[in-house]
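A.B. asks: generate a structure from the sequence data that follows.
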Amino acid sequence: NRQIIGTCLTLEIISTASRLLRFNKESHHFLISTIFITLENYLNRNLLIRCVSTECLKQLATNFNYVSIQHLLSTNYDYIMNDLILKSYNHYRSASFKSDDLTMSSAHVHVLCSLLQISDADLVPYLDRLLSDYVGAIEMNGSQDSNLVYGLCKVMLEMARAMRRWHPVEINFMTTNVNEIDQLVNIDLKNYADAKKRTTTTTDHRRFVDTIDEIEKRLNPIDDDDPAPSNHEDPDESEKIDADGEEEEGGGKKLPLNVDLQLKCLNLCQHLIAHPFRQIRLLVVDICREICFNLSHENQNELLPVVHKLWSPICKRFAHDDFVMKSKIIVLLFDLSLFCTDFLANTFRKDFLPHLAHYMSDQTKQSSHKRVECHDSTYVYSQAFKLQCAILNNLDKMCVLFEIRELELENLIVSSILVYLDEMQPKRLRDLALNALEQFVLVDADIVWICLSYLIHSKESTSQLKSRKLKHMRLSTETMDSLRDLYERI
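C.D. replies: Down below sits the predicted model:
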């Protein structure tokens with residue numbers, strides 16, 4: 001309490017002094033020396049300090065004739081960044097701040113995060129130097145210095161969120177909320193499935209036309225006596241082609257600075273995602289999700305190679321990490337299924353889908369009740385239950401996006417959906433499984449009909465392999481009625 005009161009009094013003294021010194025010739029020196037302290041407390045964990053710090057920034061902007069807090073910061077970027085670089089350099093050289101408490105970040109981390117929250121896109125040119133200093137400090141002190149790595153991850157996450165505000169992205173068939181980072185992106189499944197079918201039809205038509213053109217070229221080769229087509233080209237067009245060729249030989253098109261910074265952060269994430277501290281790993285997954293969203297619209301060519309490098313570490317984390325990390329990875333994978341659908345489709349079906357189906361099948365033993373009368377148990381408050389809900393709620397969308405079909409889809413429905421209709425499972429899981437079945441009708445109604453026939457007629461036809469897997473399930477009357485109704489509608 002003494003520290004809180006002392007910090008608030010210091011900030012109020014700065015506000016009062018700014019009113020007294022606003023007509024003084026030395027007022028600029030006072031502003032430069034106090035703005036760093038004010039920004040350091042802008043994101044303090046204590047609500048009172050945050051409010052007093054925000055009010056202090058408003059008073060500084062008003063008393064020194066700035067239009068807003070943003071205008072105050074943008075005018076003094078050079079001084080603030082100079083202090084940041086010097087203090088961060090001294091901090092890294094001394095390496096005196098080492099603790100396992102990751103919440104105790106250094107002052108310049110808080111200042112930079114505050115700047116990223118308040119400022120506009122004019123801050124981007126200054127970020128490259130600061131990010132390079134951070135990476136250099138980690139290389140000098142080793143990646144095991146958890147506070148340095150945690151500070152870098154906080155800065156990268158705030159930078160990714162700021163880039164989304166400064167350069168907004170719009171994607172069809174989905175709605176996003178920037179403030180709800182832990183919520184999965186929602187898409188209109190029916191519209192997306194219809195659009196996917198139209199896209200597939202158009203692609204097949206183009207391939208058919210290209211095939212016909214190739215056959216015609218083989219049947220009617222160009223004679224040597226015919227004039228070369230290149231002699232009739234427009235000179236302006238040839239100059240453009242030559243210029244493009246020279247540009248490609250010189251290293252390709254130069255990327256905007258904001259894109260280049262985010263690609264550097266993604267490349268760092270593939271090394272940091274296996275860090276021993278879980279807080280850092282969780283931050284890294286959030287960073288990947290934010291940056292992939294930012295680069296998904298106009299920078300696919302630069303994003304896809306980095307996603308390819310990230311894929312293997314992500315799958316390993318899902319296989320060996322805890323439930324909180326797995327839930328975050330499911331969120332990230334769903335986003336990647338939106339942004340990198342065709343690029344990751346084969347890899348998802350080959351590497352991730354069998355492991356996911358095996359996990360969901362095995363987890364039924366943990367989530368099942370001992371007795372039918374046991375409706376609500378402590379399991380529904382666990383992270384494992386939340387992970388099951390997240391998978392059941394979004395598995396249908398991932399199947400549409402990655403085009404899971406036929407036998408793969410049938411095995412997935414049997415091992416990951418139908419087994420959760422058992423009355424021994426919590427009611428929330430049963431409801432989600434039933435809803436997932438209804439959504440899977442949009443993916444492939446025939447496969448859903450076959451899977452339902454396994455379940456409805458399991459006691460009659462025990463010779464089929466899928467029926468033998470499901471014949472020991474106990475279904476409530478309400479669930480069976482819903483399944484029969486869906487079966488008849490299909």
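A.B. asks: CA atoms for contacts and neighbours, from now on please.
C.D. replies: Will do.
A.B. asks: tell me the SS of Leu43?
C.D. replies: What DSSP: H, G, I helix; E, B strand; the rest coil gives for Leu43 is coil.
A.B. asks: thinking it is in contact with His110, fair?
C.D. replies: Yes: when contacts are counted by C-alpha atoms under 8 Å, Leu43 is listed as touching His110 (6.7 Å).
A.B. asks: can you give me phi and psi for Asn41?
C.D. replies: For Asn41, the backbone dihedrals (degrees, to the nearest 10) come out as phi -100, psi 0.
A.B. asks: could you pull up the residues touching it?
C.D. replies: Neighbour list for Asn41: Ile49, Arg50, Ser53, His110, Val111 [criterion: C-alpha atoms under 8 Å, 6 or more residues apart in numbering].
A.B. asks: leaving out chain neighbours, which residue sits closest to the third one?
C.D. replies: Same thing as Ser53. Distances taken as C-alpha to C-alpha, 6 or more residues apart in numbering put Tyr42 closest to Ser53, at 5.4 Å, once the chain neighbours are dropped.
A.B. asks: can you tell me which residue is nearest the centre of this structure?
C.D. replies: Arg289 (1.2 Å; C-alpha atoms, centre = their mean).
A.B. asks: from Thr16, how far out is Asn76?
C.D. replies: Asn76 sits at a distance of 21 Å from Thr16 (criterion: C-alpha to C-alpha, to the nearest Å).
A.B. asks: let me redo that: Leu434
C.D. replies: When Leu434 is compared with Thr16 (using C-alpha to C-alpha), they lie 63 Å apart.
A.B. asks: equivalent analysis for Cys8, please.
C.D. replies: 12 Å.
A.B. asks: who has more neighbours, these two?
C.D. replies: More crowded of Cys8 and Thr16, by other C-alpha atoms under 10 Å: Cys8, with 20 against 15.
A.B. asks: contacts for the helix or strand encompassing that one next, please.
C.D. replies: According to DSSP states H and E, Cys8 maps onto helix 2-20. With contacts defined as C-alpha under 8 Å, 6+ apart, helix 2-20 is touched by 27, 31, 34, 38, 46, 48-49, 52-53, 56, 59-60, 63-64.
A.B. asks: dump that helix to CSV, keeping only the CA atoms.
C.D. replies: Only the C-alpha atoms of helix 2-20 are listed here, as CSV (Å, rounded to 0.1, in the frame of the first residue of the first chain):
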residue,chain,number,x,y,z
ARG,A,2,2.9,2.4,0.7
GLN,A,3,4.4,1.7,-2.7
ILE,A,4,1.0,2.3,-4.4
ILE,A,5,0.4,5.6,-2.5
GLY,A,6,4.0,6.7,-3.2
THR,A,7,3.7,6.1,-6.9
CYS,A,8,0.3,7.9,-7.1
LEU,A,9,1.7,10.9,-5.2
THR,A,10,4.7,11.0,-7.6
LEU,A,11,2.4,11.0,-10.6
GLU,A,12,0.2,13.7,-9.1
ILE,A,13,3.3,15.9,-8.4
ILE,A,14,4.2,15.6,-12.0
SER,A,15,0.7,16.7,-13.1
THR,A,16,0.8,19.7,-10.7
ALA,A,17,4.4,20.7,-11.7
SER,A,18,3.4,20.6,-15.4
ARG,A,19,0.8,23.3,-14.7
LEU,A,20,3.3,25.5,-13.0
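A.B. asks: buried residues, it. List them.
C.D. replies: Thr7, Cys8, Thr10, Leu11, Glu12, Ile14, Ser15, Ser18 (16 or more other C-alpha atoms under 10 Å).
A.B. asks: with stretch 395-413 instead?
C.D. replies: 395-404, 409-413.
A.B. asks: what of stretch 45-52?
C.D. replies: Here stretch 45-52 shows Ile49, Arg50, Val52 as buried, counting by 16+ other C-alpha under 10 Å.
A.B. asks: mind listing which of those residues are in strands?
C.D. replies: Judged by DSSP state E, the buried residues of stretch 45-52 include no members of strands.
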